[in-house]
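Undergrad: let me see the structure of the following:
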Amino acid sequence: MTRPLYPESRLAFQRLFPNEEACLKYLIESRWPNGFLCPRCGSNLHYWKAPRNLFQCKQCGLQTSVTAGTVMHRSKIPLWMWFQAAWLVTTMTPGMSAVQFARQMGIGNYETAFNMLHKLRAAMVKEGRELLHGVVEADETYIGGSEAGPGGRGARGKVIVAGAVEVRGEYAGRVRLRVVKDVSGKSLIEFVRTNVLPGSTIHTDAWVSYGGLSKAGYKHVAKTEGKHVHIHRVFSNLKSWLIGTHHGVSPQHLQAYLNEFAFRFNRRKTPMAAFQTVLGLTPQRLGPTYRGLYGVKKKTGEWVHPNPRYRAFLS
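TA: Modelled structure (predicted):
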């Protein structure tokens with residue numbers, strides 16, 4: 001049995017998912033395309049517990065929820081609404097803000113829409129993903145409103161975002177974005193180590209903090225500002241998207257939006273392939289709880305997520 005096809009148009013989506021039962025069927029066929037197998041003992045003998053939407057193994061008795069390991073697990077929100085959210089997030093070219101999503105879905109509670117979209121954003125982060133390689137441009141930018149004080153790398157009151165993008169001729173390849181605490185060599189080189197394969201050629205500007213890249217195992221080429229076409233275009237598009245779609249975001253949640261931007265950018269030519277990913281139908285994703293989304297604000301003003309596992313996604 002093959003996996004079900006992705007809906008390739010809005011009409012196809014409506015036909016494929018007309019009700020809750022259709023969504024449940026798609027969910028089962030996506031997770032177990034060759035039929036259910038018990039994750040504990042591997043047996044294919046099972047009972048179907050309809051009221052709770054779970055399988056129970058006849059051999060060892062293990063119960064497996066259809067939504068276990070997905071962003072929909074333990075949610076009281078119906079499957080059809082999750083499917084709609086995943087469709088809108090992965091196919092709408094400018095993305096979808098919580099206000100727009102709440103209006104589209106007829107959700108009266110903004111926090112519900114906000115929480116759903118953040119769970120989908122958490123599902124966009126893949127553990128152990130392939131590192132960027134080949135020729136890569138790296139730089140950093142500042143996100144935030146107009147603040148008094150010096151500009152450039154001396155700017156105050158803004159969030160620093162490090163970025164790296166593969167160069168594929170005249171086109172940009174995959175991109176990685178992450179909030180960093182400063183523009184020191186320790187922070188910027190650690191970002192490169194985490195996201196770029198050693199031995200790759202890294203193009204940066206002449207900022208002194210990038211000077212250690214050669215010792216870190218990279219072929220470092222320091223170029224003038226105007227030569228970094230791809231990474232500057234990525235930063236420009238990122239800022240336009242944050243302002244145009246979301247009208248700005250808080251520093252507390254910025255990393256989640258960076259994850260979404262990178263996810264959408266890296267799949268801009270194959271948006272349908274992202275549908276199952278954000279639902280969590282590929283290897284398990286970690287979704288934050290509503291309470292967890294707001295974290296804890298320390299005396300330093302830094303927001304810290306209470307769950308260390310989710311914190312790792314945001315670091």
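Undergrad: list the contacts of the residue lying closest to V208 once chain neighbours are set aside.
TA: Distance criterion C-beta to C-beta, 6 or more residues apart in numbering; nearest residue to V208, sequence neighbours excluded, is G185 at 7.4 Å. In this view, the C-beta of every residue, glycine as well, is placed from N, C-alpha and C. Applying C-beta atoms under 8 Å, 6 or more residues apart in numbering to G185 gives the contacts 208-212.
Undergrad: how about a cut-off of 7 Å?
TA: Shown in contact with G185 (C-beta atoms under 7 Å, 6 or more residues apart in numbering): 209, 211-212.
Undergrad: cool, and V221?
TA: Neighbouring residues of V221 by C-beta under 7 Å, 6+ apart: 201-203.
Undergrad: grab the most central residue of this protein for me.
TA: M124 (3.1 Å; C-alpha atoms, centre = their mean).
Undergrad: now do the SS call for that residue.
TA: coil (DSSP: H, G, I helix; E, B strand; the rest coil).
Undergrad: what about the nearest residue to it once chain neighbours are set aside, how many residues nearby?
TA: Ranked by C-beta to C-beta, 6+ apart and with sequence neighbours excluded, the top spatial neighbour of M124 is F263, at 3.8 Å. F263 has 22 neighbours, counted by other C-beta atoms under 10 Å.
Undergrad: quick check: buried residues in the helix or strand L24 falls within?
TA: Assigned by DSSP states H and E, L24 falls within helix 20-31. Neighbour counts using 16 or more other C-beta atoms under 10 Å place 23-24, 26-31 of helix 20-31 among the buried residues.
Undergrad: wait, which of those residues is closest to G108?
TA: C23 (22.1 Å; C-beta to C-beta).
Undergrad: would you confirm that the residue nearest to the centre of the chain contacts L279?
TA: No: if you go by C-beta atoms under 7 Å, M124 and L279 don't touch, sitting 11.0 Å apart.
Undergrad: follow-up on the earlier one: buried among the contacts of V221? Make that a PyMOL selection.
TA: Only the buried members of the contacts of V221 enter the following PyMOL selection, criterion being 16+ other C-beta under 10 Å:
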select buried, resi 201+202+203
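Undergrad: adding distance to R74 and secondary structure, write the contacts of V221 out as TSV.
TA: Below are the contacts of V221 laid out as TSV (distance: C-beta to C-beta, whole Å; DSSP: H, G, I helix; E, B strand; the rest coil):
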residue	distance to R74	secondary structure
T201	46	strand
I202	43	strand
H203	45	strand
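Undergrad: got JSON lines for the contacts of V221, with distance to K119 and pLDDT too?
TA: Shown next, in JSON lines, are the contacts of V221 (distance: C-beta to C-beta, whole Å; pLDDT from 0 to 100):
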{"residue": "T201", "distance to K119": "37", "pLDDT": "97"}
{"residue": "I202", "distance to K119": "34", "pLDDT": "97"}
{"residue": "H203", "distance to K119": "36", "pLDDT": "96"}
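Undergrad: tell me the one among the contacts of V221 nearest to I189.
TA: Using C-beta to C-beta, those come closest to I189 at I202, 9.8 Å.
Undergrad: about what we covered before: so which of the contacts of G185 wins on neighbours?
TA: That'd be S209 among those, by other C-beta under 10 Å, with 17 neighbours.
Undergrad: who touches that residue in this structure?
TA: 183-185, 188.
Undergrad: recalculate using a threshold of 10 Å.
TA: 140, 153, 182-189 (C-beta atoms under 10 Å, 6 or more residues apart in numbering).
Undergrad: now it. Nearest residue, chain neighbours left out?
TA: S209's closest residue in space is G185 (C-beta to C-beta, 6+ apart), at 4.1 Å.
Undergrad: separation between the one you found and H220?
TA: Going from G185 to H220 by C-beta to C-beta, to the nearest Å gives 12 Å.
Undergrad: all set now, cheers.
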